[in-house]
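K.L.:
Please find the sequence and the predicted model below.
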Amino acid sequence: MIEQLKPFWQRWLARRIPPSSRVQLNHRRIFIMPTRTGGTFALVVFLMLLVAINYQSSLAYGLTFSLLSLSLLTILHTYRNLSGLVLSAGSARSVFVGEPVLLRLRLESVDRQHQAIALGWDVSELQAYDVPDAGLVEAQLGLPAPTRGWLRAPRLRVESSFPLSIFRAWSWLDLQQTVLIYPRPIPGAMPLLKGAQPHTEDFGQATQGAGVDDYQGLKTYQPGDSRRRLHWKAYSRGQGLLIKDFTDVSGNDLCLDFMALGGDIEERLSRLCYWVLTLSQRQQPFALRLPGFLLASGSGDQHREACLKALALFGNPS
């Protein structure tokens, strides 16, 4: 029955607390209920009231109503400890399948301090933080990355049972945090486009070590080019930023081809991911060919990120 009610709960929650990268908690976004300790406390107070009524004891009446007043004040303080807190989404770095995703959050205080604020995706694994008055605290929470593609973080639970732990105030927030998950790199033979270059039968061994590339001259530096190839002597002579241009001795750049591999889709993408990382580390220009997609030959950080993104989103995984 709980599983059947979840879609209705999610739709109501989306209307009540719409997704936003920055949220300030207020009465519309905060829920409050007694904890298990609070339930025990209420039972004890009720039994004390029965004893006071039975024995007509003024002392028992006084103690019972004092504890009842304390519980009512605790509702207000528990709510105020969460009210006014501002939560905003931070940056997240892309990772490979199987690695933990670290999502950053910022907790800001506007006019009061907030104590023992617990955050997390799972109720059983919450992390507690204290936010000083008019201060800012950065939190870092982890999520598993089981599959490639865009990973959207689930609603974040924010709660506090301060000060007496007999009431718990909480909220569920969607901070619109997404991160791109790349395929897991798996080593293997280099999958080159057949007939494009003479290195197709050497399993990538010819691309290793010195003497692989021919020096062709200098060209203007472009954003994303490797800084290791900068020609500093030309820069010192006032000729601007130039980089050393190399080409493969065969006269053709490498082309990593999806169809040159065997196995299922995920295995092929993992092998391609490994060679994208390897060739980028060697600063070797290469192209990437996928079914219905061709990324022209290039090198540098921007080219590597473009290749990894194409591999991660191949087949439009959500």
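P.N.:
Cool, got the structure.
K.L.:
Centre-most residue in the protein?
P.N.:
Among the residues of the chain, the one closest to the centroid is residue 103, at 3.9 Å (C-alpha atoms, centre = their mean).
K.L.:
does the closest residue to residue 130 other than its chain neighbours belong to a helix or a strand, and which?
P.N.:
Once flanking residues are discounted, residue 130 sits nearest to residue 115: 5.2 Å by C-beta to C-beta, 6 or more residues apart in numbering. No exception for glycine: its C-beta is placed from N, CA and C like everyone else's. Using DSSP states H and E, residue 115 maps to strand 114-120.
K.L.:
what's the answer for residue 20, then?
P.N.:
With DSSP H and E as the test, residue 20 turns up in no helix or strand.
K.L.:
circling back: in contact with the residue nearest to residue 130: list those residues for me.
P.N.:
Residues in contact with residue 115 (C-beta atoms under 8 Å, 6 or more residues apart in numbering) are 81, 130, 131, 160, 162, 163.
K.L.:
Help me confirm that the residue nearest to the centre of the chain is found in a helix?
P.N.:
No: according to DSSP: H, G, I helix; E, B strand; the rest coil, residue 103 belongs to no helix; its state is strand.
K.L.:
Run through the bridge partners of it.
P.N.:
residue 92, residue 141 (DSSP bridges).
K.L.:
Tell me how far it lies from residue 178.
P.N.:
10 Å (C-beta to C-beta, to the nearest Å).
K.L.:
Now for the two: what residues contact both?
P.N.:
With C-beta under 8 Å, 6+ apart as the test, residue 103 and residue 178 both reach 92, 153.
K.L.:
mind listing the helices in this structure by residue range?
P.N.:
Ranges of helices in the chain, per DSSP state H, are 2-16, 36-55, 58-82, 232-236, 265-281, 301-312.
K.L.:
which stretch among those helices comes nearest residue 141?
P.N.:
Of all the helices of the chain, it is helix 58-82 that lies closest to residue 141, at 17.8 Å by C-beta to C-beta.
K.L.:
who does the closest one touch, helix- and strand-wise?
P.N.:
Counting contacts by 3 or more C-beta pairs under 8 Å, 6 or more residues apart in numbering; DSSP states H and E, helix 58-82 is packed against strand 31-34, helix 36-55, strand 114-120, strand 156-160, strand 167-173.
K.L.:
Would you write a PyMOL line that selects the buried entries of the contacts of residue 115?
P.N.:
Here is the PyMOL command that selects the buried residues among the contacts of residue 115 (16 or more other C-beta atoms under 10 Å):
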select buried, resi 81+131+160+162
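K.L.:
of all the contacts of residue 115, which two lie farthest apart?
P.N.:
131 and 163, at 15.2 Å, using C-beta to C-beta across the contacts of residue 115.
K.L.:
helices and strands of the chain: which one bottoms out on pLDDT?
P.N.:
Within the chain, confidence by mean pLDDT, DSSP states H and E is lowest for strand 213-220 among all helices and strands, at a mean of 61.
K.L.:
ok so, going back, could you redo the helices and strands packed on helix 58-82 as a markdown table and give each row distance to residue 13 and mean pLDDT?
P.N.:
Rendered in a markdown table, the data for the helices and strands packed on helix 58-82 read as follows (distance: least, C-beta to C-beta, whole Å; pLDDT from 0 to 100):
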| stretch | distance to residue 13 | mean pLDDT |
| --- | --- | --- |
| strand 31-34 | 10 | 94 |
| helix 36-55 | 23 | 93 |
| strand 114-120 | 17 | 93 |
| strand 156-160 | 12 | 94 |
| strand 167-173 | 6 | 94 |
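K.L.:
So which of the ones you listed is nearest residue 7?
P.N.:
strand 167-173 (14.9 Å).
K.L.:
Could you name the helices and strands sitting against that closest one?
P.N.:
strand 31-34, helix 58-82, strand 156-160.
K.L.:
Would you mind finding the most buried of those?
P.N.:
strand 156-160 (a mean of 22; mean count of other C-beta atoms under 10 Å).
K.L.:
if we look at it, which residues are touching it?
P.N.:
Here strand 156-160 has contacts from 25, 78, 81-82, 85, 87, 105, 114-121, 123, 126, 141, 168-175, using C-beta under 8 Å, 6+ apart.
K.L.:
That strand pairs with which strands?
P.N.:
By DSSP bridges, strand 156-160 pairs with strand 114-120 (antiparallel), strand 167-173 (antiparallel).
K.L.:
The last one vs helix 58-82, what angle?
P.N.:
Relative orientation of strand 167-173 versus helix 58-82 (axes from the mean of the first three to the mean of the last three C-alpha atoms, to 10 degrees): 20 degrees.
K.L.:
So what angle separates the directions of strand 167-173 and helix 36-55?
P.N.:
Going by the same axes, to 10 degrees, strand 167-173 makes 150 degrees with helix 36-55.
K.L.:
gap between strand 167-173 and the chain center?
P.N.:
The chain centroid and the centroid of strand 167-173 are separated by 22 Å under C-alpha atoms, centre = their mean, to the nearest Å.
K.L.:
can you list contacts of it?
P.N.:
With C-beta under 8 Å, 6+ apart, strand 167-173 has contacts from 13, 17, 23, 25, 29-35, 38, 71, 74-75, 78-79, 81-82, 87, 155-161.
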